[in-house]
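Visitor: with the input below, show me the fold.
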Amino acid sequence: MQLLRATIAGLAGLSSLHQAAATPTPVEVRQTATVTDLTIFSPPSNAGWVDPRVLYARAVHLRSSGDLLATWENYSPEPPQVHFPIYRSSDGGASWREIGRVRDTVNGWGLRYQPFLYELPSRIGRFPAGTLLLAGNSIPTDLSRTKIDVYASTDGGVNWSFVSSVASGGEARPHNGLTPVWEPFLMVYNNQLICYYADQRDSRFGQKLTHQTTTDLLTWSAPVDDVHDTSNYAARPGMPVVAALPNGEYIFVYEVCGTEGCRVHYRLTRDPLNVLSARGLTLVSDKGQRPVSSPYVVWSSAGGPDGSIVVSSGRDQIFVNRRLGDPAAWEEHEVPQPRAYSRGLTLFNNDDNKLLIIGAGWLPPSSTNRVSVSVVDLEATIGA
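Guide: Purely as a prediction, here's the structure:
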C-alpha cells in the first residue's frame, strides 16, 4: 500500500486559440481537471476501528446538481451501529466533505457491506427522476444474517429513508453451503429497476448471480438466475456490474472464484433480463493479462467511433475495449489510482471523457486502508 498522499493536478486545459481573420473556423476548447490518488477519508489510527477499517468504495455523479457523491464500507467502533458515510464534492473531485450518513432504521443491525449509489434517470413508482438510491447489505455484528436493503434520498444525499428490502440470506461469510446474499448493483431498464446480486441460497450452487425487478421500488419480483455453473458446484460467480453499449447491447461483468481464481468474465446481451442465455467470455488483455477480482465496468463515448468499454479489477491498470466487447480487443492501460478490493468507476455526466476511479484498500490484513479518488482524462490515458 502506498503512503498516504493527496496530490491534485491543476487544470490541464487548452488556452483560447486565436484564429486568423481570414479563416474563422470554430475550434473546440476542452478543459479537463484531473485528480491523482487524493485521500478523501483516512480512519483514525487509535479509535478502535476494525481491520480493514474501510473498503469497497462507490461514487456517483449527479445529473441533478453536478455534485459527486461517494460512500464505502465503514468499519467504525461498535456500538453505535456501523453505517455508510456520504461524502460530497462540488468541484469535480478536488475536495470532499461528509454531508450525511445512511443508517439502518429497520433491522437494528447496521449497514455493513457493499453499498451502491444510484441516481434514478426516470420515475419509478412514486420516486421521480433524480431520486438518489443506496442499496447495501444490512448485517448484524455477529455476521449471522444478510439483507439487501434500499434507502432513498430526495435532498442530494443529506437525509435518507428506508424504501424496501430486495433479498434476505444467511451468515455473511463467503463459504459454500452458507446462504448469504451479496454485492447489489442497480440499473433502470424498460421502466423498471433491476437489482443484480450474488446469491448463495440455492443449494445446487456454491454461489450464483441473480436479479430481481421492481416497478414501484416497494415490491420486488421473484429471483431470476443470471450466471450459474451446472457442472461444478464449487464455482462462485460474483460481483455483477452492467453497462449499456451504443449498439443496443449490454455488457455484464463478473468474477468467477472457486474454480477460476476470481478471473474476470463478461457476457454481451441485448436483454439484461436474460443474461443467462448469453455466452460467457474471459477478459484477456493485449499483454496477456487475465485480470483478477472485483470487476467494475462503464462505457464512455470517448476513444473512437464505438466509444470505450472500461473495466477495473484487482489490478492497478484499467482494461479498455474499443470494439464493443470483441474478446480480441482488450487493451491494458496504466492509471494513477492504486489497486483496491473492488474499485468503483464513475463517468461524469456532462463529459464522459472524465473518469473517476475510487478505492478503499484491501481485505485484511490492511491496517493502512484509506478512501481515495483519481479523476483521469480517458482519451489521454488510452492514447485516443
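Visitor: where does the stretch 1-150 of the chain dip in pLDDT?
Guide: Filtered on pLDDT under 70, the stretch 1-150 of the chain yields the residue ranges 1-32.
Visitor: and the helices in it, which stretches?
Guide: Counting by DSSP state H, counting those that start in this stretch, no segments of the stretch 1-150 of the chain form helices.
Visitor: quick check, central residue of this structure?
Guide: Nearest to the geometric centre of the chain sits residue 344, at 4.0 Å (Cα atoms, centre = their mean).
Visitor: how near is it to residue 359?
Guide: 8 Å (Cβ to Cβ, to the nearest Å). Every C-beta, even on glycine, is put in place using the N, C-alpha and C of the backbone.
Visitor: quickly list what's touching both of these two.
Guide: Common contacts of residue 344 and residue 359 (Cβ atoms under 8 Å, 6 or more residues apart in numbering): residue 57.
Visitor: can you report how many residues lie near residue 327?
Guide: Residues near residue 327, counting by other Cβ atoms under 10 Å, number 13.
Visitor: for residue 350, that is, sorry about that
Guide: Residues near residue 350, counting by other Cβ under 10 Å, number 9.
Visitor: isn't it right next to residue 66, touching?
Guide: Yes. Residue 350 is in contact with residue 66 according to Cβ atoms under 8 Å; the separation is 7.0 Å.
Visitor: so which bits of stretch 324-344 are buried?
Guide: By 16 or more other Cβ atoms under 10 Å, the buried positions in stretch 324-344 come out as 324-325, 330-333, 335-344.
Visitor: please save the CA atoms from stretch 69-85 in CSV.
Guide: What follows is stretch 69-85 as a C-alpha-only set of coordinates in CSV (Å, rounded to 0.1, in the frame of the first residue of the first chain):
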residue,chain,number,x,y,z
LEU,A,69,-21.1,11.6,-4.0
ALA,A,70,-19.1,8.8,-2.5
THR,A,71,-19.6,6.1,0.1
TRP,A,72,-17.9,2.9,1.4
GLU,A,73,-17.9,0.2,4.0
ASN,A,74,-17.0,1.9,7.3
TYR,A,75,-15.6,-0.4,10.0
SER,A,76,-16.0,2.0,12.8
PRO,A,77,-16.2,1.0,16.5
GLU,A,78,-19.4,-0.6,17.7
PRO,A,79,-21.7,0.4,19.2
PRO,A,80,-23.2,2.5,17.6
GLN,A,81,-24.2,0.5,14.6
VAL,A,82,-22.0,0.8,11.5
HIS,A,83,-23.3,3.0,8.7
PHE,A,84,-22.5,4.2,5.2
PRO,A,85,-21.0,7.7,5.2
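Visitor: going forward, begin numbering at 45 instead of 1
Guide: In the new numbering, first residue 45, that becomes stretch 113-129.
Visitor: now do that stretch: distance to the chain's middle.
Guide: 17 Å (Cα atoms, centre = their mean, to the nearest Å).
Visitor: list the contacts of the nearest residue in space to residue 197 that is not next to it in sequence.
Guide: Setting aside the residues directly before and after it, residue 197 is nearest to residue 176 in space (Cβ to Cβ, 6 or more residues apart in numbering), at 4.3 Å. Residue 176 sits next to 104, 106, 113, 161-164, 196-198, 200-201 when contact means Cβ under 8 Å, 6+ apart.
Visitor: cool, and residue 419?
Guide: 77-79, 136-137, 398-401.
Visitor: switch the cut-off to 10 Å
Guide: 52-53, 76-80, 82, 112, 133, 136-138, 380-381, 390, 392, 398-402 (Cβ atoms under 10 Å, 6 or more residues apart in numbering).
Visitor: how much space between it and residue 411?
Guide: Counting by Cβ to Cβ, the gap from residue 419 to residue 411 is 27 Å.
Visitor: do residue 289 as well
Guide: 40 Å.
Visitor: of the two, which one has the most company?
Guide: The neighbour comparison of residue 289 against residue 411 (other Cβ under 10 Å) goes to residue 289, with 17 against 13.
Visitor: of the contacts of residue 176, buried ones?
Guide: Applying 16+ other Cβ under 10 Å to those flags 104, 106, 113, 161-164, 196-197, 200-201 as buried.
Visitor: please identify the helix or strand for residue 424.
Guide: Using DSSP states H and E, the element containing residue 424 is helix 422-426.
Visitor: what comes up buried for that helix?
Guide: 422-423, 425-426.
Visitor: what does that helix rub up against?
Guide: Contact with helix 422-426 is made by 56, 74, 76, 78, 342, 344-348, 351-352, 354, 362, 364, 366, 375, 377-380, 391, 395-399, 420, 428, as judged by Cβ under 10 Å, 6+ apart.
Visitor: and it, how far out from the chain's middle?
Guide: How far helix 422-426 lies from its chain's middle: 20 Å, per Cα atoms, centre = their mean.
Visitor: got it, and stretch 227-245?
Guide: 13 Å.
Visitor: the closest residue to residue 184 other than its chain neighbours and residue 256, how far apart?
Guide: Excluding the flanking residues, the one nearest residue 184 by Cβ to Cβ, 6+ apart is residue 153, at 3.9 Å. Per Cβ to Cβ, residue 153 is found 21 Å from residue 256.
Visitor: before we move on, what about residue 326?
Guide: Note on residue 326: its distance to residue 256, by Cβ to Cβ, is 27 Å.
Visitor: can you check residue 361 too?
Guide: The value you get for residue 361 to residue 256, if Cβ to Cβ is used, is 33 Å.
Visitor: can you give me the strands in the stretch 95-244 of the chain?
Guide: Assigned by DSSP state E, counting those that start in this stretch, the stretch 95-244 of the chain shows strands spanning 98-105, 112-118, 128-133, 141-146, 155-163, 176-182, 190-197, 205-213, 225-233, 236-243.
Visitor: which of residue 326 and residue 256 has more neighbours?
Guide: Legend: neighbour count by other Cβ under 10 Å for residue 326 and residue 256, higher for residue 256 (20 against 14).
Visitor: now for that one: which residues touch it?
Guide: 192, 210-211, 228, 237-241, 243, 263-268.
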